[in-house]
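**Student:** I'll drop the sequence and a predicted model, then ask my questions.
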Amino acid sequence: MNAATAAESSSLATQSVLRELRSTAAVRKRAHALLVGARAGLSAAFTVGDDATIAAAAALVAQVTHDRYGGGPIPYHSRWRHFEAGGVDRRGELDRLLGNVSAAERARTQIDLTVVSVLLDAGAGPDWGYVEASSGQRFTRSEGLGVASYRAFVGGLFSSDPAVPLRADAAGLRAVTAEALAEAFQVGADSPLVGLDGRVTLLRRLGDTLAQQPDVFGALGRPGALFDLLCADAQGGITAHAVLVALLDTLSEVWPAPNRLPDGTALGDCWRFAAARGEGASDGWMPFHKLSQWLSYSLLEPFEWAGVAVTGLDALTGLPEYRNGGLLLDSGVLAVRDPSALTHTWQVGDDFIIEWRALTVALLDELAPRVRAILGRSEAQMPLACVLEGGTWAAGRVLAQRLRGGLPPIQLNSDATVF
């Protein structure tokens with residue numbers, strides 16, 4: 001085999017591994033296999049509750065969903081819910097600020113906002129808050145991050161051109177400093193934000209990644225160019241998994257996690273875990289792509305508002321983060337073998353955290369049909385995106401508030417790039 005043939009073969013092998021590890025089918029298959037193992041007593045860290053425990057958790061989720069939405073429609077689990085915090089119609093405000101632009105340009109702007117806001121959406125910590133000047137309301141946690149990032153976007157923080165504030169572009173993102181973000185998010189000694197530097201790193205890496213792909217993101221390097229990329233051959237519709245694949249194929253270099261293939265290709269939120277079995281070089285990796293999937297869920301509405309149908313929503317998985325995972329621990333669906341695990345501070349790449357997240361993905365798939373059955377809704381009426389919103393995330397927050405004043409059950413040393 002000559003050098004050119006060997007290089008081509010290596011490239012094909014890398015592409016095959018990437019297709020596997022960037023598919024939600026692999027996330028699900030490996031997560032469910034680990035759940036089977038945990039139920040068989042093979043997990044050193046966790047035990048899984050019986051059917052009655054899972055039924056009780058589903059009943060709680062159904063009750064929280066009914067309390068929030070009654071018998072009416074349940075929206076997607078999306079960053080856009082946080083933009084609605086406090087009953088303020090910020091989408092309508094953005095529409096008014098944009099004025100008379102095309103549906104495509106409106107979608108590009110909404111995508112610019114969504115991408116930046118989701119990258120800034122990791123745990124804020126218990127002491128941070130944001131006061132919105134226009135409404136006079138104070139917001140914390142995810143709602144606060146959503147409102148703060150919206151206001152920063154409208155204020156032009158992520159645009160390189162003060163005359164065109166309502167966009168994010170490569171130069172503007174690269175110019176964001178910790179001081180500027182701290183000021184925009186009202187960070188101070190009495191309002192500390194967890195992972196501030198990590199968030200700035202993500203924004204700058206996003207700017208670099210956009211600038212390096214002008215064929216995809218244009219000369220300006222706008223995230224909103226994803227609209228054109230995905231709609232180029234859409235013929236009126238796209239799939240949710242296509243949104244995720246586009247994000248993983250174009251933005252994987254944004255994530256600073258040191259998870260790479262031997263040739264240096266970034267894997268992002270995909271972690272070495274010996275029990276996560278697969279074929280070839282993908283063996284021993286447990287993929288999640290949590291923030292990319294959260295971003296995919298959050299992009300569904302901008303595409304739909306622009307008249308682009310999005311199908312196959314349940315190809316995406318439940319989100320393995322501390323509200324959904326916390327629900328399972330706090331409801332007894334999952335239990336730790338060693339109680340000291342709940343007082344230890346973990347790293348995101350620790351086996352304990354990887355397995356917790358994998359079991360969360362698999363168990364959310366088991367909870368979803370039970371919740372639908374209790375509420376009398378079909379899968380079409382209540383896809384997983386709506387179960388999460390109704391839903392598991394909110395129920396996790398309810399239990400955390402009841403048991404620990406809102407703190408998650410597991411202590412995690414997060415740099416704001418995974419959770």
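**Tutor:** Here it is on my side, so go on. Numbering: from 1, shown residues only.
**Student:** what number of residues lie near residue 138?
**Tutor:** 14 (other CB atoms under 10 Å). To be clear about C-beta, it is placed using only N, CA and C from the backbone, and glycine gets the same treatment.
**Student:** For it, give me its contacts.
**Tutor:** Taking CB atoms under 8 Å, 6 or more residues apart in numbering, we find residue 138 in contact with 129, 130, 131, 132, 144.
**Student:** Please repeat the previous calculation with a cut-off of 7 Å.
**Tutor:** 129, 130, 131 (CB atoms under 7 Å, 6 or more residues apart in numbering).
**Student:** got it, and residue 264?
**Tutor:** Contact partners of residue 264, counting by CB under 7 Å, 6+ apart, are absent.
**Student:** Can you pull the phi and psi angles for residue 239?
**Tutor:** When read as degrees, to the nearest 10, the backbone of residue 239 gives phi -100, psi 150.
**Student:** what do you get for residue 47?
**Tutor:** Backbone geometry at residue 47, expressed as degrees, to the nearest 10, gives phi -120, psi 160.
**Student:** need the contacts of residue 138 in a markdown table with secondary structure and pLDDT, can you?
**Tutor:** Shown next, in a markdown table, are these (DSSP: H, G, I helix; E, B strand; the rest coil; pLDDT from 0 to 100):
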| residue | secondary structure | pLDDT |
| --- | --- | --- |
| 129 | strand | 96 |
| 130 | strand | 97 |
| 131 | strand | 97 |
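**Student:** Most neighbours among those residues, please name it.
**Tutor:** Highest neighbour count within these: residue 130, with 25 neighbours (other CB under 10 Å).
**Student:** At which residues are the strands of the stretch 51-200 of the chain located?
**Tutor:** With DSSP state E, counting those that start in this stretch as the criterion, the stretch 51-200 of the chain has strands at 129-131, 138-140.
**Student:** Reformat those strands as a markdown table; add distance to residue 33.
**Tutor:** Putting the strands of the stretch 51-200 of the chain into a markdown table (distance: least, CB to CB, whole Å) gives the following:
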| stretch | distance to residue 33 |
| --- | --- |
| strand 129-131 | 41 |
| strand 138-140 | 38 |
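**Student:** closest to residue 112 out of the ones you listed?
**Tutor:** strand 129-131 (20.4 Å; CB to CB).
**Student:** Determine the set of other helices and strands touching the closest one.
**Tutor:** If contacts are counted by 3 or more CB pairs under 7 Å, 6 or more residues apart in numbering; DSSP states H and E, strand 129-131 sits against strand 138-140, helix 141-154.
**Student:** Which among the ones you listed is found nearest to residue 362?
**Tutor:** Taking the helices and strands packed on strand 129-131 one by one with CB to CB, helix 141-154 is closest: 23.9 Å.
**Student:** Can you tell me what sits against that closest one?
**Tutor:** 79, 82-83, 85, 90, 97, 113, 116-117, 120-121, 124, 128-130, 132, 139, 165-166, 184-185.
**Student:** Equivalent analysis for stretch 203-213, please.
**Tutor:** 116, 119, 170, 173-174, 176, 217, 221, 223, 250-251, 253-254, 256.
**Student:** Domain-wise, how is the protein divided?
**Tutor:** Domains of the chain are assigned by automatic domain parsing as 11-75+261-290+316-419, 78-232.
**Student:** Among the ones you listed, which comes closest to residue 301?
**Tutor:** Taking the domains of the chain one by one with CB to CB, domain 78-232 is closest: 5.5 Å.
**Student:** re the thing from before, closest one of the contacts of residue 138 to residue 344?
**Tutor:** Closest to residue 344, out of all of the contacts of residue 138 and judged by CB to CB, is residue 129, at 27.9 Å.
**Student:** Name whatever forms a beta bridge with that closest one.
**Tutor:** residue 140 (DSSP bridges).
**Student:** was I right about it contacting residue 191?
**Tutor:** Yes: counting by CB atoms under 7 Å, residue 129 does reach residue 191; the two are 5.7 Å apart.
**Student:** on that earlier part again, now the buried members of the contacts of stretch 203-213.
**Tutor:** 116, 119, 170, 173, 174, 176, 217, 221, 223, 250, 251, 254 (16 or more other CB atoms under 10 Å).
**Student:** Nearest residue to the fifth one in space, please, no chain neighbours.
**Tutor:** I take that to be residue 174. In space, not counting the residues next to it along the chain, residue 174 is nearest to residue 207; the distance is 3.7 Å by CB to CB, 6 or more residues apart in numbering.
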